[in-house]
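*Asks:* need a structure here:
(chains A and B)
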Protein chains: 2
Amino acid sequence: MIDENHIVSLLRRRFGGRGAELIRGIGDDAAVLRPRGSREYWVVTTDMLLEDVDFRRSWLTPAQLGHKALAVNLSDLAAMGARPRFYTVALALPADLGEAWIEALYRGMSKLARRQGALLIGGDLSRSPFGVQVTITAIGTASKPMYRSGGRPGDILYVTGSLGKAAAGLALLRRGRVQGRCLSERRALKAQRTPDPRCEVGAWLAGSGFARCMMDLSDGISMDLPRLCEASGVGAEIFSEQLPMYPDSSGWQCDPVALALHGGEDFELLFAVPARKAERFEEAYPPGFPPLSRIGYLRRARGIVWAPRSGTAPQPLNAAGFDHFRI
Amino acid sequence: MIDENHIVSLLRRRFGGRGAELIRGIGDDAAVLRPRGSREYWVVTTDMLLEDVDFRRSWLTPAQLGHKALAVNLSDLAAMGARPRFYTVALALPADLGEAWIEALYRGMSKLARRQGALLIGGDLSRSPFGVQVTITAIGTASKPMYRSGGRPGDILYVTGSLGKAAAGLALLRRGRVQGRCLSERRALKAQRTPDPRCEVGAWLAGSGFARCMMDLSDGISMDLPRLCEASGVGAEIFSEQLPMYPDSSGWQCDPVALALHGGEDFELLFAVPARKAERFEEAYPPGFPPLSRIGYLRRARGIVWAPRSGTAPQPLNAAGFDHFRI
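*Replies:* Below you'll find the predicted structure:
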């Protein structure tokens, strides 16, 4: 059994590069480079989606798959406060998929890309003897990149949007419910299949100077928050009653609290703001942006704790998120 | 049946981006960007290696696979005249491969990267329900990038090194000969498993001002030369007796001429120099560099022709190289 965190830290220690133009390498949501003479930082990230690991072909249309494959990458750029600029696509395809399928995939990708300002610049194509594999590298620019590190004890933890909605959509798909029967189901399916990367919010947060550290939620709070805390050298307490859950999912026998804590693929932003700036920050946060929730705070004591019900004593929150090595 | 050239041209037409900082997008060996304020161009390429499409696991060690996966990307940078700077790695792994295997893969990659000046900056890791998949994105810098376009009728065509050696190595592996029994076999196996990307030569050529267009030979002359010609709007004639074949491969029942024309994965550079500069170019070409061969010239008439034996009339050269969609 291999642990992704362990391998990443091994790779960083043994093979991570150091150089004048490399500001941040392995271990954050994306790498940060500074081209010689440039006033901007360049931010680079790579993420792949594999059939039967990250999705089933019967669960989404090729256009939805294209959207999602790009969205997971753009979300990493959002987490760094970068604006999407360019992307490449490496696509491996089984022999039964032809030109129309490929076009639909790129159409879905392209629609999201245009909205977010990213240009397709190249890639690779190959037959696959197995399933579909889409690997994207996205490049963005940032004038002031955000990192997972930099958070301090006392900072308030925020998330954008709601948590557990994408996982609720996954639960529907696993039961074969590809079409939603009501608005709640359709929203959950949409969050799962065509997530909206928070690039505009990320860039605003980086520019505003309020946030001290940031990341995106791809594997669930219980797996991702420890990574933010580790990078910042702190611990955290979560207020369970303030988690922006997706309560509708109880309609299809999901536990909204468990999904909010452990469900992956929300692609919301998690960030920390110094307590003394919290009020001003909340006032400055633009009204058109996704809702904001204070979900806890950073503290000196390591580890993540939460109180399952208000009034109960905080207890350790165990990681049970989505590890791509544990499927 | 899908044709890679056709899909690439479809993607360029329908989804290819245009923007101020995007100098060259889909359709060349790599994309060329110009970061705002930067004196250098940034060159970006993506290439993947899939188990049972591009390699068999029994054919190479993980370190050799790591070397090759990076080499095919650095070769694309070489083709643009760019010096390697950074790379990301997306790695999908079957459950039977653990930490030691992963480390060996990165060790092989890292050894080549250090020699070529490239830094590992990030990536993605995933379990694979099928085979090993390695997708790399490499970023380089160039002060004067080279393209496939720009060649003119009358230009002399050159290649570096020898042609058909990697394909001769592949022929050995296909017969189960994983260890070479003599120097010729070992050289062919080395060319197949751990090719040497021609980055230094590519950067020198771009800087020297002699070459007008350039690409790397990944799919064999008979498939790659038409791409160079198409981009430059010309045709070409090949001098068969001047092809730098690997004659030793006849020792294991290969046809050195066929492999030189149609064998893929040589990762040598193919480029064109104006005829009036050819002599000066050959004098200026550094002695420590791989051997240089004049293999033909560009001409106005479209299509590629060659004379199988000297004295015979030139005939059309049909593409029979390695198309990743035709395995």
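*Asks:* buried residues in stretch A:174-189?
*Replies:* By neighbour count on 16 or more other C-beta atoms under 10 Å in any protein chain shown, the buried set for stretch A:174-189 is A:184-185, A:187-189. For glycine as for every other residue, the C-beta is placed from the backbone atoms N, C-alpha and C.
*Asks:* now distance to A:Gly66 too, for these, in CSV please.
*Replies:* Shown next, in CSV, are the buried residues of stretch A:174-189 (distance: C-beta to C-beta, whole Å):
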residue, distance to A:Gly66
A:Ser184, 26
A:Glu185, 23
A:Arg187, 21
A:Ala188, 20
A:Leu189, 17
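*Asks:* show me where pLDDT drops low in chain A?
*Replies:* The model of chain A has pLDDT under 70 over residues A:1, A:321-327.
*Asks:* tell me where it has strands.
*Replies:* Assigned by DSSP state E, chain A shows strands spanning A:22-24, A:31-33, A:41-50, A:83-93, A:119-127, A:133-142, A:156-160, A:213-216, A:235-239, A:269-273, A:292-299, A:304-307, A:315-316.
*Asks:* residue of the stretch 151-300 of chain A nearest chain B, please.
*Replies:* With C-beta to the nearest C-beta, the shortest gap between the stretch 151-300 of chain A and chain B falls at A:Ser218, namely 10.7 Å.
*Asks:* need the contact list for that residue.
*Replies:* A:72, A:75, A:224, A:264-267, A:322 (C-beta atoms under 8 Å, 6 or more residues apart in numbering or on different chains).
*Asks:* show me what whatever residue of the stretch 51-200 of chain A ends up closest to chain B is bridged to.
*Replies:* Taking C-beta to the nearest C-beta, chain B has its nearest neighbour within the stretch 51-200 of chain A at A:Leu119, 2.6 Å off. The partner list for A:Leu119 in beta bridges (DSSP bridges) reads A:Phe86.
*Asks:* what's the burial count for it?
*Replies:* As a burial measure, A:Leu119 scores 23 neighbours (other C-beta atoms under 10 Å in any protein chain shown).
*Asks:* that one is in contact with B:Gly17, isn't it?
*Replies:* Yes: between A:Leu119 and B:Gly17 a contact is recorded at 2.6 Å, counting by C-beta atoms under 8 Å.
*Asks:* now for those two: what residues contact both?
*Replies:* By C-beta under 8 Å, 6+ apart, A:Leu119 and B:Gly17 have these common neighbours: A:86, A:113, B:25.
*Asks:* ranking by neighbours, what's the top pick from those?
*Replies:* Most neighbours among the shared contacts of A:Leu119 and B:Gly17, by other C-beta under 10 Å: A:Phe86, with 27 neighbours.
*Asks:* ok, it to B:Arg85 distance?
*Replies:* 16 Å (C-beta to C-beta, to the nearest Å).
*Asks:* ok, A:Gly37 next?
*Replies:* 14 Å.
*Asks:* so for those two, which sits in the more crowded spot?
*Replies:* Neighbour count, other C-beta under 10 Å: between A:Gly37 and B:Arg85, B:Arg85 has more, with 24 against 11.
*Asks:* so how far is A:Pro291 from A:Arg193?
*Replies:* Distance from A:Arg193 to A:Pro291, by C-beta to C-beta: 21 Å.
*Asks:* who has more neighbours, the two?
*Replies:* Neighbour count, other C-beta under 10 Å: between A:Arg193 and A:Pro291, A:Arg193 has more, with 24 against 10.
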